[in-house]
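Peer 1: Quick one: sequence and predicted model below, then my questions.
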Amino acid sequence: MVEDGLSDAVARVAAMYDDHVDVVFAYLARRVGGQLARDLTGEVFRIGLERFSSFDPTRGSARSWLLGIATNEVRHHWRSEQRRLRAFTALGRRDAAGDDSLGGVDDHLDATSRLDRVIDAIERLSPEDRDLLVLVAWEGCSSEQVGEVLLIPPGTVRSRLNRIRTILRADEGASR
């Protein structure tokens, strides 16, 4: 009987994999980069198989459940994400310094400075707020979907998103 339950779980997680691997990978790739996303995608589905008995389709979709697992895995790798964002900013500075034409240097330097401020502001957000912002901004998730992923009510998602926007606007205004 245990083998039947295990084979059923394997079959159902395999179906989830077929249906959602691209979404999970794309989400992770935007958060941590392609190479780490490949590793973490496998980890998400391994964890999904181990914890399949905790999946409750009445609480949310398989996509949301898997994105929740992925979000937790990203939290473990946030330091790597911060380093990647800093490297991206440094690359922008290097590109600006290497441009021989003077025509767009001011605009490029201004954009790089604004990017620095945005990254700083995002880094100051709590991990929970960063996760919410990424799910809305990069993944295009609705409040209901974000609520399913983060296990919070959609109204809480909307109020947190409003608070995050206020914080980011205040940081932008203070940086000018």
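Peer 2: Sure thing, it's come through. Residues are numbered from 1 along each chain as shown.
Peer 1: May I ask which helix or strand encompasses Thr156?
Peer 2: If you go by DSSP states H and E, Thr156 is part of helix 154-175.
Peer 1: Give me the residues contacting that helix.
Peer 2: Residues from elsewhere that reach helix 154-175 (C-beta atoms under 8 Å, 6 or more residues apart in numbering): 117-118, 120-122, 124-125, 128-129, 132-133, 136, 142-144, 146-147, 150, 152. C-beta: built from backbone N, CA, C; applies to glycine.
Peer 1: let's see it at 7 Å
Peer 2: 117, 121, 125, 129, 132-133, 136, 143-144, 146-147 (C-beta atoms under 7 Å, 6 or more residues apart in numbering).
Peer 1: cool, and stretch 49-63?
Peer 2: With C-beta under 7 Å, 6+ apart, stretch 49-63 has contacts from 9-10, 12-13, 16, 19-20, 23, 65, 148.
Peer 1: Show me how to select, in PyMOL, the buried members of the residues you listed.
Peer 2: In PyMOL, this line selects whichever of these come out buried by 16 or more other C-beta atoms under 10 Å:
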select buried, resi 9+13+16+20+65+148
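Peer 1: which two in the contacts of stretch 49-63 are spaced the farthest apart?
Peer 2: Greatest spacing in these, by C-beta to C-beta: Val10 and Glu148 (23.8 Å).
Peer 1: Just name the shakiest helix or strand of this structure by mean pLDDT.
Peer 2: helix 78-98 (a mean of 63; mean pLDDT, DSSP states H and E).
Peer 1: If you count contacts, what does the longest helix anywhere in the chain end up packed against?
Peer 2: Assignment by DSSP state H gives helix 2-32 as the longest helix of the chain. In this structure, helix 2-32 makes packing contacts with helix 34-50, helix 62-76, helix 78-98, judged by 3 or more C-beta pairs under 7 Å, 6 or more residues apart in numbering; DSSP states H and E.
Peer 1: Only the buried residues of it, if you could.
Peer 2: Result for helix 2-32 [16+ other C-beta under 10 Å]: buried residues 9, 13, 16-17, 20, 24-25, 27-32.
Peer 1: Would you mind measuring from the residue nearest to Ser142 when sequence neighbours are not counted to Cys141?
Peer 2: Nearest non-adjacent residue to Ser142, counting by C-beta to C-beta, 6 or more residues apart in numbering: Pro154, 7.8 Å away. To Cys141, Pro154 is 11 Å away according to C-beta to C-beta, to the nearest Å.
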